[in-house]
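Participant: All I have is the shape, not the residue letters:
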């Protein structure tokens, strides 16, 4: 009997070249975005209430709390950001205690979201959370907050993610996000833990690294004694270790989260292996006083913003009350935001089109027809029919327009319209770019409306 | 690729012997008597007749570097380039390809486009508005009363073009040399990872050097004079061009540092699958080439005082900034430095026997933002300074070649590439005159 074995070849996936967060298109779109997409736009902090729907004990004294918003909206955020949450530790009548926790879930699954909290028995808040927050618990939240997150679009998605202890939380969000999205990426994770059993998310990390060939995960045991069956790296972060896991660290964006000592040490080493300071992003997980103050500052700023948006939203809600379906009003807060430059510009142009009045009362009027073309330099108001090509009548009326081929080829008659519509049948004498900027060739164009022309 | 269009009438209306027989014999003799390893006799640098012959024998026969695709990013964008009397239009087509047309109106010979660069739909001659399509076909010439005027006979003349790894090369010969495509197979793998298609022009500098084009090229082909380039000396190891046996004792330490940098660069190149070996065929083929990837001093990333990157955006799909410089020399008119963070192209455009335009273009990733990802002054500093210094050196030599006391001098061992360039030139010219 012959035994044949067939190896299973994993075909290489076909991917888009750049790495783009799914909301980036909404952010950069010119037109008004669809409401649902707008609601997902992670562009400003809000105050909202959320209900715990699941708790998951994790290795390393960590526990994950899964929430959903009470208003039913998805939570919009960027991978790596955190939430500021009010915990009623001293009872419902007393002031709650505010704490910030990184979101550990990915914004690609926004209908629920989770934070992962390490139990610090000496602390006030984390033991309370571990013991009291359970499915059904409703908490006041503010967020998302924080500048430590993946970019919305990245042509060179080569990352080195460094985590120590509970610092894995925002890193986990990033990793889950990258894993969930298509696009080329090259990710190295180096995760420092205190003991073999204390690496949170270890099973999921193992799974992701196994099935996603864009992602590699390395573990190292801090400086503790090591059991015999440990196969990963040993010891604190060193330059050699960085070179070993990412010899091309120099060309990567580095995201690092962990205790302050770890991060300061990492910053030195990264410099040593040639990583540019501007490529290093850090989140101090258990901060000193200074970082805590920074957090506070950001949160108070976020509170102001949230208030502002909420007010605007209330106004909008009133305004649209009759035309908007009731459920959508809940999403409205997030929909008040994006005045992208393009939109503002588009509006300005629209204004110019319809509103900018050209005072043509003292222009010389010539011709007969249903449409009026105002030539502002020549101070001539030309009446014309929509079937007539513009060039001839305009030249006869005394507008100075150079022209040669008269067939839309040579482009010598090119002029700019300030408002109005033309229909043009050119033959290569003008480029799409020029048309977009308002130019047209009067030799091969007919007017479709009243026009104001810069000639 | 073939030149379509009109029947060739190149022989008609040309004086059959532009150079009187007696003078031609004299020049042939100068070529034949050229002493190997020595610079050329003065007339090669000063004589307008020889300059005219150079234009025919070199610039109208060989593949020449013209521009990079970043200089004409969108359909309709064009640049004009001039090699002696030849003026060419290089235009980006709607399908992304490149068209090369002679910039000579078929009506009465006016330059069709006069700007060094721009963007246009059809090509309109400013004299009588003869209008050509981007393909060069005459599509409009106002001709009232003309009954026998056949527009199809008066298209703009075309030239051959090749775009390799984002570099645009042109050849105006009817039958271009065929070995250029083989040479492209050598250099494309070195350059392609830098992805010129996704770069933009950060800065372009045009310098007119008061020197013969060959002196410009000779100066580029050696670093014996690099003491005169204090800015560049931060990046190039002062041992450049030396070999094991001839390192002076005061440079031994530098030599070791260079060796070490070379080893780690090679290791990185192997890791990333980047070719780095030296390929040198400067005078052993028609499309003479030298290409290699070599380490830079300091941090080894870019042409900055400490070797640190000058643009924060990596080019193409490169994974590391520490890739030294991939440098290419091509005969007869170009050299290039491809780094992790930017690319510099150098094109040499002869004007007459004593003037040469040197065009230097700095390219960065097209998503790099000036002021944020790079500082333009810092990006261009080293080579701007170096170019000014080189201009001075070339001009000193041009003055020397014109002086009665001039006689050819010997090229040193470290100047073997200069000798290779001159040897290449002499071979090409002798073939031309044969």
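Facilitator: The structure has been received and is ready for your questions. Computed from a prediction, not measured in an experiment: that's the story for all the values here. Residues are numbered from 1 along each chain as shown, chains lettered A, B, ... in the order given.
Participant: Could you find the residue nearest the spatial middle of chain B?
Facilitator: In chain B, the centroid-proximal residue (Cα atoms, centre = their mean) is residue B:334; its distance is 2.4 Å.
Participant: what sits against residue A:428?
Facilitator: Residue A:428 makes contact with A:408, A:409, B:121, B:122, B:133, B:134, B:139, according to Cβ atoms under 8 Å, 6 or more residues apart in numbering or on different chains. In short, each C-beta sits where N, CA and C put it, glycine included.
Participant: if we can go back for a sec, wait, doesn't the residue nearest to the centre of chain B sit right on residue B:349?
Facilitator: No: judged on Cβ atoms under 8 Å, residue B:334 makes no contact with residue B:349 at a distance of 10.1 Å.
Participant: quick revisit: which residues touch the residue nearest to the centre of chain B?
Facilitator: By Cβ under 8 Å, 6+ apart, residue B:334 lies in contact with B:64, B:65, B:328, B:345, B:346, B:347, B:348.
Participant: Same question for residue B:331.
Facilitator: B:62, B:282, B:283, B:287, B:288, B:289, B:421, B:424, B:425.
Participant: And for residue B:282?
Facilitator: Residues counted as contacts of residue B:282 (Cβ under 8 Å, 6+ apart) are B:288, B:289, B:290, B:329, B:331, B:417, B:420, B:421, B:424.
Participant: I'd like to know which of these are part of strands.
Facilitator: B:289, B:290, B:329 (DSSP state E).
Participant: beta partners for the first one?
Facilitator: Bridge pairing for residue B:289 (DSSP bridges) gives the partners residue B:281, residue B:330.
Participant: What segments of the stretch 251-400 of chain A are strands?
Facilitator: Taking DSSP state E, counting those that start in this stretch to define them, one finds strands in the stretch 251-400 of chain A at A:253-258, A:280-284, A:364-366, A:371-375, A:380-384.
Participant: So which bits of the stretch 51-200 of chain A are right by chain B?
Facilitator: Contacts of the stretch 51-200 of chain A with chain B, taken as Cβ under 8 Å from any Cβ of the partner chain, map to A:155, A:156, A:158, A:186.
Participant: If we use 6 Å, what do you get?
Facilitator: Contact residues (Cβ under 6 Å from any Cβ of the partner chain) of the stretch 51-200 of chain A with chain B: A:155, A:156.
Participant: Helix, strand or coil: sort out the nearest residue to residue A:245 once chain neighbours are set aside for me.
Facilitator: Nearest non-adjacent residue to residue A:245, counting by Cβ to Cβ, 6 or more residues apart in numbering or on different chains: residue A:218, 4.8 Å away. Three-state call for residue A:218 (DSSP: H, G, I helix; E, B strand; the rest coil): strand.
Participant: Which strand in chain A has the most residues?
Facilitator: Looking across chain A with DSSP E, the single longest strand is strand A:46-57.
Participant: any idea which helix or strand comes after that strand?
Facilitator: Next in sequence after strand A:46-57, counting helices and strands by DSSP states H and E, comes strand A:62-69.
Participant: Name the residues that touch that next one?
Facilitator: Residues from elsewhere that reach strand A:62-69 (Cβ atoms under 6 Å, 6 or more residues apart in numbering or on different chains): A:48, A:50-58, A:112-118, A:130, A:133, A:200.
Participant: now the angle between strand A:46-57 and that strand, please.
Facilitator: On the basis of axes from the mean of the first three to the mean of the last three Cα atoms, to 10 degrees, strand A:62-69 is oriented at 140 degrees to strand A:46-57.
Participant: quick one: the helix or strand following strand A:62-69 to chain centroid distance?
Facilitator: Using DSSP H and E, the helix or strand that directly follows strand A:62-69 along the chain is strand A:82-87. Relative to its chain's centre, strand A:82-87 lies at 21 Å (Cα atoms, centre = their mean, to the nearest Å).
Participant: how about the strands in the stretch 101-250 of chain A?
Facilitator: Under DSSP E, counting those that start in this stretch, the stretch 101-250 of chain A gives strands at A:113-118, A:138-145, A:153-154, A:158-164, A:186-193, A:215-221, A:233-234.
Participant: Could you export the ones you listed as JSON lines, including mean pLDDT, distance to residue A:452 and mean neighbour count?
Facilitator: Formatted as JSON lines, the strands of the stretch 101-250 of chain A follow (pLDDT from 0 to 100; distance: least, Cβ to Cβ, whole Å; neighbours: other Cβ atoms under 10 Å in any protein chain shown):
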{"stretch": "strand A:113-118", "mean pLDDT": "96", "distance to residue A:452": "52", "mean neighbour count": "25"}
{"stretch": "strand A:138-145", "mean pLDDT": "91", "distance to residue A:452": "47", "mean neighbour count": "20"}
{"stretch": "strand A:153-154", "mean pLDDT": "91", "distance to residue A:452": "39", "mean neighbour count": "18"}
{"stretch": "strand A:158-164", "mean pLDDT": "97", "distance to residue A:452": "51", "mean neighbour count": "27"}
{"stretch": "strand A:186-193", "mean pLDDT": "96", "distance to residue A:452": "54", "mean neighbour count": "24"}
{"stretch": "strand A:215-221", "mean pLDDT": "96", "distance to residue A:452": "58", "mean neighbour count": "19"}
{"stretch": "strand A:233-234", "mean pLDDT": "88", "distance to residue A:452": "71", "mean neighbour count": "15"}
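Participant: Quick one: the helices in the stretch 301-450 of chain A, in order.
Facilitator: A:326-329, A:341-354, A:391-396, A:432-436 (DSSP state H, counting those that start in this stretch).
Participant: what does chain B put close to chain A?
Facilitator: Residues of chain B found near chain A (Cβ under 6 Å from any Cβ) are B:76, B:121-122, B:124, B:129, B:131, B:139-140, B:314, B:319-322, B:367.
Participant: show me what contacts the nearest residue to residue B:291 once chain neighbours are set aside?
Facilitator: Leaving aside its sequence neighbours, residue B:291 sits nearest to residue B:328 (Cβ to Cβ, 6+ apart; 4.4 Å). Neighbouring residues of residue B:328 by Cβ under 6 Å, 6+ apart: B:187, B:291, B:336.
Participant: per-residue confidence for residue B:328?
Facilitator: Here the pLDDT value assigned to residue B:328 is 98.
Participant: Distance check, it against residue B:22.
Facilitator: 41 Å (Cβ to Cβ, to the nearest Å).
Participant: ok, now residue B:43?
Facilitator: With distances taken as Cβ to Cβ, residue B:43 is found 14 Å from residue B:22.
Participant: Looking at those two, which one has more neighbours?
Facilitator: residue B:43 (16 against 8; other Cβ atoms under 10 Å in any protein chain shown).
Participant: List the contacts of the more buried one.
Facilitator: If you count contacts by Cβ under 6 Å, 6+ apart, residue B:43 has them with residue B:50.
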